[in-house]
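# Predicted model follows, preceded by the sequence.
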Amino acid sequence: QVQLVESGGGLVQPGGSLTLSCAISGENSAYYAVAWFRQAPGKEREAVSCISDSDGATYYADSVKGRFAISKNAAKSTIFLQMNHLEPEDTAVYFCAADAAVIASLNPLGPYDYWGQGTQVTVAT
């Protein structure tokens with residue numbers, strides 16, 4: 001079993017920045033691909049970014065390219081999503097997800113076996 005816990009959400013003004021964290025634990029979890037998804041009210045869940053250990057690749061949705069950056073710490077126990085130049089359209093619940101079979105350069109959209117509970121990000125004045 002792999003456990004994922006998100007943190008770092010909150011209220012931020014348009015143009016501001018926020019960093020989300022996803023703590024991952026469990027057997028062999030350091031080698032799992034981890035992705036960030038988001039879901040806004042009334043909208044479908046959207047894959048935002050992914051990072052995989054096997055090829056070191058990353059993936060970004062077109063809507064966040066150049067504004068968001070995904071990274072992980074040296075212990076591979078925490079995955080970060082640095083979000084800059086935030087827009088009201090970025091408002092959503094953000095989830096992290098993990099899977100052993102995902103490779104960011106091949107199938108970043110998943111499917112993913114493990115999910116966190118989510119953290120709310122609200123971009124508003």
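Looks like it came in fine. Numbers count the residues shown, from 1 in each chain.
# got the contact list for the residue lying closest to Tyr32 once chain neighbours are set aside?
Once flanking residues are discounted, Tyr32 sits nearest to Ala98: 4.3 Å by Cβ to Cβ, 6 or more residues apart in numbering. C-betas here are computed from N, CA, C, even on glycine. By Cβ atoms under 8 Å, 6 or more residues apart in numbering, the contact set of Ala98 is Val2, Leu4, Ile24, Ser29, Tyr32, Ala33, Val34, Ala35, Tyr112, Asp113, Tyr114.
# Name the secondary structure element that contains the second one.
Just to be clear, that refers to Leu4. strand 2-7 (DSSP states H and E).
# Going by neighbour count, list what's buried in that strand.
Val2, Leu4, Glu6 (16 or more other Cβ atoms under 10 Å).
# And stretch 88-106, by the same measure?
Applying 16+ other Cβ under 10 Å to stretch 88-106 flags 90-99, 102-104 as buried.
# Stretch 36-44 now?
Trp36, Phe37, Arg38.
# got the end-to-end distance for it?
14 Å (Cα to Cα, to the nearest Å).
# Contacts for it next, please.
With Cβ under 8 Å, 6+ apart as the test, stretch 36-44 has contacts from 20, 22, 45-50, 70, 79, 81, 90-97, 121.
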